[in-house]
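A.B. asks: Pasting a predicted model and its sequence here:
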Amino acid sequence: MDGTLRQEPPYGMMTMVAEKRNGTWLVVVAQNTNAVLGIPPELQDILTPIPIPGSGQKPR
């Protein structure tokens, strides 16, 4: 990280699992995944029900 501004906004997904303990919600596990826009090579021939940002494809 050299402080250079990004050309495009980042894309990714953050998943958290929360559990209620003693009347208080607590995040017990979290996962952050960064991704590049578009279809990765390993998904080229897979029809996904979820639209992939940057691919121009519609969900099926």
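C.D. replies: Yes, it's here.
A.B. asks: Just give me the residue right at the centre of the protein.
C.D. replies: Met13 (2.3 Å; C-alpha atoms, centre = their mean).
A.B. asks: OK, contacts around it?
C.D. replies: Met13 is in contact with Asn32, Thr33, Ala35, counting by C-beta atoms under 8 Å, 6 or more residues apart in numbering. Heads up, the C-betas are built off the backbone N, CA and C, glycines and all.
A.B. asks: Can you list the strands that whichever strand or helix holds it pairs with?
C.D. replies: Take DSSP states H and E as the rule and Met13 turns out to sit in strand 11-21. Partners of strand 11-21 in the sheet, by DSSP bridges, are strand 24-35 (antiparallel).
A.B. asks: So what touches the strand it pairs with?
C.D. replies: Contacts of strand 24-35 (C-beta under 8 Å, 6+ apart): Pro10, Tyr11, Gly12, Met13, Met14, Thr15, Met16, Val17, Ala18, Glu19, Lys20.
A.B. asks: Could you export the residues you listed as JSON lines, including pLDDT and distance to Asp2?
C.D. replies: Formatted as JSON lines, the contacts of strand 24-35 follow (pLDDT from 0 to 100; distance: C-beta to C-beta, whole Å):
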{"residue": "Pro10", "pLDDT": "74", "distance to Asp2": "16"}
{"residue": "Tyr11", "pLDDT": "75", "distance to Asp2": "21"}
{"residue": "Gly12", "pLDDT": "80", "distance to Asp2": "21"}
{"residue": "Met13", "pLDDT": "83", "distance to Asp2": "26"}
{"residue": "Met14", "pLDDT": "90", "distance to Asp2": "25"}
{"residue": "Thr15", "pLDDT": "93", "distance to Asp2": "29"}
{"residue": "Met16", "pLDDT": "96", "distance to Asp2": "30"}
{"residue": "Val17", "pLDDT": "97", "distance to Asp2": "35"}
{"residue": "Ala18", "pLDDT": "97", "distance to Asp2": "36"}
{"residue": "Glu19", "pLDDT": "97", "distance to Asp2": "39"}
{"residue": "Lys20", "pLDDT": "97", "distance to Asp2": "43"}
